[in-house]
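Colleague: how would this look folded up:
(chains A and B)
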There are 2 protein chains.
Amino acid sequence: MFTVSIIGAGNVASHLIDVFDKHPEINVLQCYSRSTSSLEIRFPKVEFVHDLKQLQKVDVIIIAVNDTAIETISNSIFIQDQLIVHTSGSMPMEILQPHERIGVFYPLQTFSKNKAVDFNKIPICVEAHKKEDEEFLYTLGKLISNDCQKITSTQRKALHVAAVFVNNFTNHLYTIGNEICEQNNLDFNILTPLIEETTSKIKSISPLEAQTGPAKRHDQKTIEEHLHFLKTNSEKNIYKLLTLSIQEHVKKL
Amino acid sequence: MFTVSIIGAGNVASHLIDVFDKHPEINVLQCYSRSTSSLEIRFPKVEFVHDLKQLQKVDVIIIAVNDTAIETISNSIFIQDQLIVHTSGSMPMEILQPHERIGVFYPLQTFSKNKAVDFNKIPICVEAHKKEDEEFLYTLGKLISNDCQKITSTQRKALHVAAVFVNNFTNHLYTIGNEICEQNNLDFNILTPLIEETTSKIKSISPLEAQTGPAKRHDQKTIEEHLHFLKTNSEKNIYKLLTLSIQEHVKKL
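Modeller: Okay, here's the model as predicted:
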């Protein structure tokens, strides 16, 4: 039986408590949050504490809070020889020093409140200062996910940057698409099959090979018409910059 | 029984012949392509012609060729009182004049060679100069798709611009994500669950509400680190511009 304690009561923390709590080989011993949280009712088996001094020694303490709060919390934990990890894609592992047994347990997914996720399909990226802690995190990750990988800090940073492009920025392009639809009395859902096909295509061919559209075709007439159609400078600039970047990339094909 | 003839032998043309050919109420009478095409073997019931003068009168002739070739082909068809449509998202319907019975039959999807599509799920946007032709195109569209809509030329242009953002540009962000992974010895597939969740989220909430990430949080430290991490000016500029645009948009929330 593995013992785990979770720091935090946000999206990542609550999804982790949920998946660990359900697993027969994992015992979520304690959960720390600053104030009383609704999670206390959801997880009656877990002891909720509001003072970091009450934390007991476990196999791993997982700090699943905002990036900016990780260091302060880590500095307030005084359990000897305790493995402490955070779940952030962007923070260095070393932020957890002077603790000696430190690591990262990074689920590569975007979590929303009240939206269930299938942890089995979420890649878990682990890293630790000590070899045996890395092995432990890898074993723990494997219990809840089919895709657990040992990666370096540099790889984790690369993944986080890539995730901003394929998740945050892509979502913003959907926002722009949605606006264009609304301004023209069109239901955004009409674009759903196209969006799904875009995602589906890159499972069988590389995104560079999958590229289509006026930019790739150097269809200057359509490009000009689209720029004329767009209302804001921000949209026009995004259109121009991405068009240029596509053309630079397809040259390499 | 509806009679249809198709002009072209590319991706859109071949997918249209395929779905029409399978439908018991639609007869694909003729297909025109400049030179002999592999489609002639695939569709033995269809008569393939290589001279536009050989085209016979049918319920509708669908010109499914590159945007730049539509006008020339339309001007070479001399059948009286013939409904002629094109399948382009960006070309005006009027390009088919001086024909009087003109229209558009625009499947809103990205088609690839050798990749089957489920036409039932593809929105078909129809438009015609004459009311009765529009009704006919609507009926024809309904036979092959669950989502056939009558839209105006302006709406079609809006959809095409929006499609560039949610399909072409999104795919290019995948290309950049892929490059970052390759440069760091990471398998791009590790991002697949994140990409799928991004697409899935916007089915239940608006993309603006679904927005997450350092830009939305105004997490300047992470933004600076990501910009430092990126290698090319093109990637840095895309990162900056989309970050700024996200921040402008979430202000409206």
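Colleague: where exactly do the strands run in chain A?
Modeller: Shown for chain A, the strands assigned by DSSP state E span residues A:2-7, A:26-32, A:47-49, A:60-63, A:84-86, A:102-107, A:124-128, A:148-150.
Colleague: pipe these into JSON lines and attach mean pLDDT per row.
Modeller: Converted to JSON lines, those look like this (pLDDT from 0 to 100):
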{"stretch": "strand A:2-7", "mean pLDDT": "98"}
{"stretch": "strand A:26-32", "mean pLDDT": "97"}
{"stretch": "strand A:47-49", "mean pLDDT": "97"}
{"stretch": "strand A:60-63", "mean pLDDT": "98"}
{"stretch": "strand A:84-86", "mean pLDDT": "98"}
{"stretch": "strand A:102-107", "mean pLDDT": "98"}
{"stretch": "strand A:124-128", "mean pLDDT": "97"}
{"stretch": "strand A:148-150", "mean pLDDT": "97"}
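Colleague: between those, which one is closest to B:His99.
Modeller: strand A:102-107 (58.2 Å; Cβ to Cβ). C-betas here are computed from N, CA, C, even on glycine.
Colleague: the closest one vs strand A:2-7, what angle?
Modeller: 80 degrees (axes from the mean of the first three to the mean of the last three Cα atoms, to 10 degrees).
Colleague: what does strand A:102-107 contact?
Modeller: A:12, A:15-16, A:60, A:62, A:83-89, A:93-94, A:96, A:119, A:122-129, A:133-134, A:137, A:140-141, A:145, A:153, A:156, A:159 (Cβ atoms under 8 Å, 6 or more residues apart in numbering or on different chains).
Colleague: ok, which of those residues also contact chain B?
Modeller: Filtering these for proximity to chain B (criterion: Cβ under 8 Å from any Cβ of the partner chain) leaves A:Ile122, A:Pro123, A:Cys125, A:Leu159.
Colleague: how about A:Leu208, nearest residue that isn't a chain neighbour?
Modeller: Distances taken as Cβ to Cβ, 6 or more residues apart in numbering or on different chains place B:Thr175 nearest to A:Leu208, at 4.9 Å, with adjacent residues excluded.
Colleague: my guess is that neighbour contacts A:Ala215. True?
Modeller: No. Assessed by Cβ atoms under 8 Å, B:Thr175 is found out of contact with A:Ala215, at 11.7 Å.
Colleague: report how many residues lie close to the residue nearest to A:Leu208.
Modeller: By the measure other Cβ atoms under 10 Å in any protein chain shown, the count of residues near B:Thr175 is 23.
Colleague: for the stretch 51-200 of chain A, which spans come out with low pLDDT?
Modeller: For the stretch 51-200 of chain A, no stretch has pLDDT under 70.
Colleague: mind listing the helices for it?
Modeller: A:70-75, A:131-144, A:153-163, A:170-183, A:192-201 (DSSP state H, counting those that start in this stretch).
Colleague: okay, those in a markdown table with distance to B:Glu235 next?
Modeller: Converted to a markdown table, the helices of the stretch 51-200 of chain A look like this (distance: least, Cβ to Cβ, whole Å):
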| stretch | distance to B:Glu235 |
| --- | --- |
| helix A:70-75 | 27 |
| helix A:131-144 | 30 |
| helix A:153-163 | 9 |
| helix A:170-183 | 15 |
| helix A:192-201 | 20 |
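Colleague: circling back to that earlier point, make TSV out of the strands of chain A and add distance to B:Leu227 and mean neighbour count.
Modeller: Output for the strands of chain A, formatted as TSV (distance: least, Cβ to Cβ, whole Å; neighbours: other Cβ atoms under 10 Å in any protein chain shown):
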stretch	distance to B:Leu227	mean neighbour count
strand A:2-7	30	23
strand A:26-32	34	21
strand A:47-49	39	16
strand A:60-63	26	26
strand A:84-86	23	26
strand A:102-107	21	24
strand A:124-128	22	23
strand A:148-150	26	18
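Colleague: now those strands as CSV including distance to B:Glu47?
Modeller: Shown next, in CSV, are these (distance: least, Cβ to Cβ, whole Å):
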stretch, distance to B:Glu47
strand A:2-7, 69
strand A:26-32, 67
strand A:47-49, 75
strand A:60-63, 68
strand A:84-86, 68
strand A:102-107, 58
strand A:124-128, 58
strand A:148-150, 56
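Colleague: out of these, which gets nearest to B:Thr198?
Modeller: strand A:102-107 (15.0 Å).
Colleague: state the number of residues packed around A:Tyr239.
Modeller: The number of residues near A:Tyr239, taken as other Cβ under 10 Å, comes to 21.
Colleague: A:Thr139 too?
Modeller: For A:Thr139, using other Cβ under 10 Å, the count is 13.
Colleague: what about it, distance to A:Ala128?
Modeller: 12 Å (Cβ to Cβ, to the nearest Å).
Colleague: I'd say A:Pro193 and B:Gln109 touch.
Modeller: Yes. Using Cβ under 8 Å, A:Pro193 is in contact with B:Gln109, at 6.1 Å.
Colleague: for the two, list the residues in contact with both.
Modeller: Common neighbours of A:Pro193 and B:Gln109 (Cβ under 8 Å, 6+ apart) are B:Ile122, B:Pro123.
Colleague: quick one: contacts for the residue nearest to A:Leu208?
Modeller: A:Ser206, A:Pro207, A:Leu208, A:Gln211, A:His249 are the contacts of B:Thr175 under Cβ under 8 Å, 6+ apart.
Colleague: list the contacts of A:Pro193.
Modeller: B:Leu108, B:Gln109, B:Lys121, B:Ile122, B:Pro123.
Colleague: which of these sits closest to A:Glu197?
Modeller: B:Gln109 (6.1 Å).
Colleague: who's the closest spatial neighbour of that closest one, skipping the chain neighbours?
Modeller: Using Cβ to Cβ, 6+ apart, the nearest residue to B:Gln109 is B:Ile122, at 4.5 Å.
Colleague: go on, A:Asp147?
Modeller: The nearest residue in space to A:Asp147 (Cβ to Cβ, 6+ apart) is A:Pro123, at 4.3 Å.
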